[in-house]
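K.L.:
please find the sequence and the predicted model below.
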Amino acid sequence: MKMSQSWYNLITILMQVMGGIFIRKVELTMDEQFKYETIKSLVNHPDGNKLAAAVRLGCTVRTVNRLILRYRQEGKAAFVHGNRGRQPVTTLPASLRQKIVALYQNEYYGANFTHFTELLDRHENIHVSVSSVASILEAAFILSPKATRSKRKRIRRKLEAMKSNTKSKKKQMEIQVNLVAAEDAHSRRPRHAYFGEQLQGDATPYEWVPGKIWHLHLFIDDATGIVTGGYFDTQETLNGYYHVLWQTLKDYGIPVEIFTDKRTVNNTHQVSHPIRSSEPPNTQVRATCFFV
C-alpha cells in the first residue's frame, strides 16, 4: 500500500522527536554560504590547502582553523552571524521615528534633511544624526529636495515592484502617492479633511504660447484639489498672486491658511511656511492676508 506524503512527513517528525533529534533549518547569506562551502570542503578533504582557503576568505590560516573547529562542533549554524536577528542598541523607538516623519510632513515640509535635523535639535529637542533622519524618512519613501536622480529611480523601482505585488486597491493608491512623490523628490503630506482648510499656492513657468514663457499662478485647495483661482503673467509676481487671491476671496471666501513656496514675494522664511492670519505680516502678500 502506498503511503501518502503527509503521513510520511508525520512519521519522520515523530521518529526525530523520539530519537531526540531536532533539525533546524539554517539559512545563510551569500558570503556566509561561500565561507561554509570552503570550510566544509577542507573538512571533507583533510589534505586541502588551508593557505589557499585563507586567501579566498580574506583571513588568516589561524582563523581557518577556528572555523574548522566550529564547523565540527556546530555544523552549518556556525557560519550564521552572531548579530542576526538582534536589534542594534542604537535603534530609535518606533514612536520617535513616526514623530520625525509626522514633523517633516506637517511642520517642516520642504527643508532638506540637514536643515531638518538642525530644526529638530533646536525646536523639538530631538537629537539625532543626519544619516538617521535620512534613513527614517527614506524608509517612509520621503525624499530630500536635493535627492539625486539615481536615488529617485531606485525608490521608484522599489515602489513599482511593491505596487505590482499588492492586490489591495487602498494600498496601491498609497503606493501611487509615494510614486508621485519620488518623481518630484518632494514628500506628499496627508491631505486636509475639509475644503478651505489650506490652499496650495504656486506659479508654473511653461511655454503655454509658442515662443514665450508664461507663469501660471494657481491656488489649489488641498483637501479637494479644486482650483480656486488662476492668472497668467510673464514672471512669478506679486500682481499674479493678488489676482489669484482676489478670485479666491470673491468666489469661495476666506481660507484658513495658504501654503506657498520659499519665494520672497510670499514670505521671508527659509523654509516653506503657511500664511496664517495670526502671524504678523512681513511681505505684501502676508499683509493682505493679515487684513482680510
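P.N.:
Cool, got the structure.
K.L.:
how close does residue 81 sit to residue 193?
P.N.:
47 Å (Cβ to Cβ, to the nearest Å). Any C-beta I mention is one placed from the backbone N, CA and C, and that applies to glycine too.
K.L.:
mind checking which of these two has more residues around it?
P.N.:
residue 81 (11 against 8; other Cβ atoms under 10 Å).
K.L.:
ok, now which ones touch that one?
P.N.:
29, 32 (Cβ atoms under 8 Å, 6 or more residues apart in numbering).
K.L.:
okay, the helix or strand where residue 64 lies in PDB with CA atoms only?
P.N.:
Assigned by DSSP states H and E, residue 64 belongs to helix 61-74. Output of helix 61-74 as PDB, limited to C-alpha atoms (Å, rounded to 0.1, in the frame of the first residue of the first chain):
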ATOM      1  CA  VAL A  61      45.200  30.300   8.500                       C
ATOM      2  CA  ARG A  62      44.600  30.600  12.200                       C
ATOM      3  CA  THR A  63      41.000  31.800  11.500                       C
ATOM      4  CA  VAL A  64      40.500  29.000   9.100                       C
ATOM      5  CA  ASN A  65      41.500  26.500  11.900                       C
ATOM      6  CA  ARG A  66      39.000  28.200  14.200                       C
ATOM      7  CA  LEU A  67      36.200  27.900  11.600                       C
ATOM      8  CA  ILE A  68      37.000  24.200  11.000                       C
ATOM      9  CA  LEU A  69      36.700  23.600  14.800                       C
ATOM     10  CA  ARG A  70      33.400  25.500  15.000                       C
ATOM     11  CA  TYR A  71      32.100  23.600  12.000                       C
ATOM     12  CA  ARG A  72      32.800  20.300  13.600                       C
ATOM     13  CA  GLN A  73      31.000  21.400  16.800                       C
ATOM     14  CA  GLU A  74      28.000  23.300  15.400                       C
END
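K.L.:
residue 205 and residue 232, how far apart?
P.N.:
Using Cβ to Cβ, one obtains 11 Å as the distance from residue 205 to residue 232.
K.L.:
and if you look at residue 200?
P.N.:
Taking Cβ to Cβ, one finds residue 200 at 18 Å from residue 232.
K.L.:
how far off centre is the next helix or strand after the helix holding residue 64?
P.N.:
Where DSSP H and E defines the elements, the next helix or strand beyond helix 61-74 is helix 94-106. Helix 94-106 sits 12 Å away from the centroid of its parent chain (Cα atoms, centre = their mean, to the nearest Å).
K.L.:
now do the buried residues in helix 94-106.
P.N.:
Buried residues in helix 94-106, counted by 16 or more other Cβ atoms under 10 Å: 97, 99, 100, 101, 103, 104, 105.
K.L.:
closest one of those to residue 116?
P.N.:
Closest approach between these and residue 116, by Cβ to Cβ: residue 104, at 6.0 Å.
K.L.:
gap between that closest one and residue 133?
P.N.:
8 Å.
K.L.:
hey, what's in contact with both of those two?
P.N.:
residue 116.
K.L.:
quick one: the helices in the protein, in order.
P.N.:
5-18, 30-44, 50-57, 61-74, 94-106, 113-119, 130-139, 149-164, 169-184, 238-252, 284-291 (DSSP state H).
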